[in-house]
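# okay, here's the prediction I keep looking at, along with the sequence it came from:
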Amino acid sequence: MTTSIVDKFEAVTLVGGGNASVALLLDTISYAPTCVAADGGVALVLEAGLVPDAVIGDFDSLPQDVRQAVPADRFHHIAEQDSTDFDKALRHITAPLVLAVGFTGARLDHQLAVLYVLTKYPDRPCILISEDELTCLCPPHLTLPTQAGDVVSLFPMGPVTGRSSGLQWPIDGLAFGPLTQIGTSNAATGPVEITVDAPHMLIMLPVAQLPHLIQALVPAPPAGRWPARAAQYKDPPRS
């Protein structure tokens, strides 16, 4: 069982080394003040004038000069190479929600790996935040005050069905799967309500929905969250 490096009762900001601005990080910090850097993401944290509460990773992309700027006891080295730094960090954070910046843009293979990790840990709600888009694993039930015309894209990472209201193209009766049926470029006709039957559906929304998405995910009771995939995934060694 993985032990927590960061254990909080409120949302946590996780920072990666991908595309992100200081302004985006500071806006995210306003929702989730605890800041964790995944390896090289510490550079953006320091650029923003902040000191991370923890730095987690294998440190293969850690800037050389950060050791003087961050207390030594905040570095948590995880040597194994079987997982990404996003995976290493997310699985060692215990919090009701993680807001992740700096994990989009740059290399496509890195972005795909991040989407895989979102699906790998369905019991750890996490929102990927870019300059104009949010991505997360859709919870069992989600209601948002979207506006008519807002993009609501759905992409299945595995077999999943669901129901919806407020979408231009309803999803009722569709058998989604990455090789059978996807739901990208759908749009809201007003407030949306989506229910899915498996932790396999990624949802992409306008960044303006961030406060509403946080409000929808943070207070969700255990019955409204996905369980861990304990039987399917094992922790990588030496973590």
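Yep, it's here.
# roughly how far apart are Gln181 and His110?
Distance, Gln181 to His110, using Cβ to Cβ, to the nearest Å: 26 Å. C-beta: built from backbone N, CA, C; applies to glycine.
# excluding sequence neighbours, find me the nearest residue to Leu25.
Ala48 (5.1 Å; Cβ to Cβ, 6 or more residues apart in numbering).
# what sits against that neighbour?
22, 25-26, 29 (Cβ atoms under 8 Å, 6 or more residues apart in numbering).
# closest one of these to Tyr116?
Leu25 (23.7 Å; Cβ to Cβ).
# the closest one: what secondary structure?
helix (DSSP: H, G, I helix; E, B strand; the rest coil).
# gap between it and Leu134?
Leu25 is 15 Å from Leu134, by Cβ to Cβ.
# and the two? which has more neighbours close in?
Leu25 (23 against 20; other Cβ atoms under 10 Å).
# so who does that one touch?
Leu25 neighbours (Cβ under 8 Å, 6+ apart): 13, 15, 44-45, 48, 50, 101-102.
# okay, domains of this structure per the record?
Domain assignment for the chain by automatic domain parsing gives 6-131, 141-196.
# and the pLDDT at the residue nearest to Leu25?
Listed pLDDT for Ala48 reads 97.
# how close does it get to Val101?
Computed with Cβ to Cβ, the distance linking Ala48 and Val101 is 10 Å.
# low-confidence stretches in this protein?
Residue ranges of the chain with pLDDT under 70: 1, 220, 230-239.
# mind listing the helices for it?
Secondary structure of the chain (DSSP state H): helices at 22-29, 42-47, 85-91, 108-120, 210-217.
# show me what counts as buried in the longest one.
Yep, that's helix 108-120 we're talking about. By neighbour count with 16 or more other Cβ atoms under 10 Å, helix 108-120 contains the buried residues 110-111, 113-115, 117-120.
# next: the last one.
The neighbour-count criterion (16+ other Cβ under 10 Å) identifies 210, 212-214, 216-217 as the buried residues of helix 210-217.
# Gly158: which of those is nearest?
Leu217 (20.4 Å).
# so who does that closest one touch?
Contacts of Leu217 by Cβ under 8 Å, 6+ apart are 96-97, 125, 127, 136, 139.
# what is the burial count for Thr184?
Neighbour count of Thr184, defined by other Cβ under 10 Å: 11.
# right, and it touches Ser153 too?
Yes. With contact defined as Cβ atoms under 8 Å, Thr184 reaches Ser153; the gap is 4.5 Å.
# mutual contacts of the two, please.
Common neighbours of Thr184 and Ser153 (Cβ under 8 Å, 6+ apart) are Met204.
# redo the domains of the chain as JSON lines? Include distance to Pro206.
Compiled in JSON lines, the domains of the chain are given as follows (distance: least, Cβ to Cβ, whole Å):
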{"stretch": "domain 6-131", "distance to Pro206": "11"}
{"stretch": "domain 141-196", "distance to Pro206": "5"}
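# deepest-packed of those domains, please.
Greatest average neighbour count among the domains of the chain goes to domain 6-131 (a mean of 19), per mean count of other Cβ atoms under 10 Å.
# please tell me how far that domain is from the chain's geometric centre.
10 Å (Cα atoms, centre = their mean, to the nearest Å).
# of the contacts of Leu25, which is the nearest to Ile203?
Looking across these and measuring by Cβ to Cβ, the closest to Ile203 is Val101, at 17.9 Å.
# the closest one reaches Asn19, doesn't it?
No. Between Val101 and Asn19 there is no contact, the gap being 9.2 Å when judged by Cβ under 8 Å.
# overlap in contacts of these two?
Ser130.
# if we can go back for a sec, nearest to Pro222 among the domains of the chain would be which one?
Among the domains of the chain, domain 6-131 comes nearest to Pro222, with 9.7 Å by Cβ to Cβ.
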